[in-house]
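> need a 3D model of the sequence below.
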Amino acid sequence: MRSLRIGSRGSDLALAQSRHIARRILDKTGIEPRIEIIRTQGDRIQDVPLDQMQGKGFFTKELEEALLARKVDLAVHSLKDLPTESPPGLVIAAIAGREDPRDCLLLRPECNDDNAAVLPLGKGVVVGTSALRRKAQLRALRPDLVLVDIRGNVPTRVGKLGEEGGPGAIVIAAAGLHRLGDMLDERLAGLVRVDLDPELFVPAPGQGALAVQTREGDGELGRLLSFLHDGEAAPCVVAERRLLALLEGGCHVPLGAHAVSIEGGLLLRAFFEVDGEARRAQVTAAAPEEAAQEAFRVLSGDAA
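Model (predicted):
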């Protein structure tokens, strides 16, 4: 195999993630992949909140179509964007490690209040996020906050904190900030950053992890990419995504799920909003499927 084409969205974060995978492939195999930028529905439509968009795979469908059409050889996704079921003919060849899975608050200094209850935000601060999961947890923790929808890539959302009339705070994935690194230094200057404990503010299923997707049956490529797979992170994100599947969810479901390895298995924490009611689960189990099933029973109200 002399060449590889990686399908990627064109956002700064997606390209940083794809370049990271490309460098790892080059270092390990000597093959220098070429990145092909593919625009997705989520990239094209920026004026509609995610929870109001129809269907699934807003940031992945076009990449998967390019894979099936053999326009690219593999696609790199943020795992939290990827639907729990791959289209026929495609597989996740590797869970390529996991960055910090936490959410974090970014806020203007005048909105900071270290004496406030639960979250260090002044009363009535305007917080920007378009994620149902984040809105639900913010409402549950601090019903006084004013929530507004914001869309756009990571630099765009961070930049809104500096705009006149913009939100006083946003909630954003820590992994995105880490992966963009120096690119955000100027925009982050002067802002307060608060990393949120996953036990308090539960991340999205698969948050921080990268998925490498290939065509099913491409054994040579699968073997070539096997070194990318993180066997420690995989069971955790499998449990989280299995719970998402049980709840038949995607961007339209206010679900947080975060698993960690413990002696003898996994600890899975979850948050779920049902008809305005915030529910939480914390379960331990020996295997991902068992953890997901038990958390599902608790969240759905079926636990004894």
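> okay, now the unreliable bits of this protein?
By pLDDT under 70, the low-scoring segments of the chain are 1-2, 42-57, 249-251, 302-304.
> okay, domains of it per the record?
1-98+209-230, 103-195, 231-304 (automatic domain parsing).
> which elements pack onto the longest helix seen in the chain?
For the chain, the helix that runs over the most residues, judged by DSSP state H, is helix 12-29. On a contact count with 3 or more Cβ pairs under 8 Å, 6 or more residues apart in numbering; DSSP states H and E, helix 12-29 meets strand 5-8, strand 34-37, strand 74-78, helix 154-159, helix 174-180, strand 209-215, helix 219-225. (C-beta placed from N, C-alpha, C; glycine too.)
> and the angle from the third one to helix 12-29?
The one in question is strand 74-78. When axes from the mean of the first three to the mean of the last three Cα atoms, to 10 degrees is applied, the directions of strand 74-78 and helix 12-29 differ by 130 degrees.
> pairing partners for strand 74-78, with directions?
Within its sheet, and counting by DSSP bridges, strand 74-78 is paired with strand 5-8 (parallel), strand 209-215 (antiparallel).
> who's in contact with the longest one?
Strand 209-215 is touched from outside by 17, 20-21, 63-64, 67-68, 70, 73-80, 82, 86, 89-99, 101, 221-222, 225, 228, 233, 237, with contacts defined as Cβ atoms under 8 Å, 6 or more residues apart in numbering.
> from the chain's centre, how far out does that strand sit?
For strand 209-215, the separation from the chain centroid amounts to 14 Å (computed by Cα atoms, centre = their mean, to the nearest Å).
> likewise the shortest one?
Between the mean C-alpha point of strand 5-8 and the mean C-alpha point of its chain there is a distance of 19 Å (Cα atoms, centre = their mean).
> re earlier: now the domains of the chain in CSV, with mean neighbour count?
Shown next, in CSV, are the domains of the chain (neighbours: other Cβ atoms under 10 Å):
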stretch, mean neighbour count
domain 1-98+209-230, 18
domain 103-195, 17
domain 231-304, 18
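> would a markdown table of those with distance to residue 201 be doable?
As requested, those are exported to a markdown table (distance: least, Cβ to Cβ, whole Å):
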| stretch | distance to residue 201 |
| --- | --- |
| domain 1-98+209-230 | 15 |
| domain 103-195 | 5 |
| domain 231-304 | 8 |
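> quick one: what helix or strand has residue 234 in it?
helix 233-246 (DSSP states H and E).
> after that helix comes which helix or strand?
Downstream of helix 233-246, the next assigned helix or strand under DSSP H and E is strand 255-262.
> list the contacts for the residue nearest to residue 116 when sequence neighbours are not counted?
Nearest non-adjacent residue to residue 116, counting by Cβ to Cβ, 6 or more residues apart in numbering: residue 122, 6.5 Å away. Shown in contact with residue 122 (Cβ under 8 Å, 6+ apart): 110-113, 116, 168.
> between those, which is nearest residue 59?
Among the contacts of residue 122, residue 168 lies closest to residue 59 (Cβ to Cβ), at 27.2 Å.
> now do the closest one against residue 135, distance only.
Using Cβ to Cβ, to the nearest Å, residue 168 is found at 16 Å from residue 135.
> same deal with residue 166?
Note on residue 166: its distance to residue 135, by Cβ to Cβ, is 18 Å.
> repeat for residue 14
On the measure of Cβ to Cβ, residue 14 and residue 135 end up 24 Å apart.
> could you do residue 35 as well?
From residue 35 over to residue 135 (counting by Cβ to Cβ), the distance is 33 Å.
> for residue 285, same thing?
29 Å.
> ditto for residue 207
Distance from residue 207 to residue 135, by Cβ to Cβ: 16 Å.
> same check, this time on residue 153
Residue 153 is 20 Å from residue 135, by Cβ to Cβ.
> for residue 238, same thing?
From residue 238 to residue 135 the distance is 26 Å (Cβ to Cβ).
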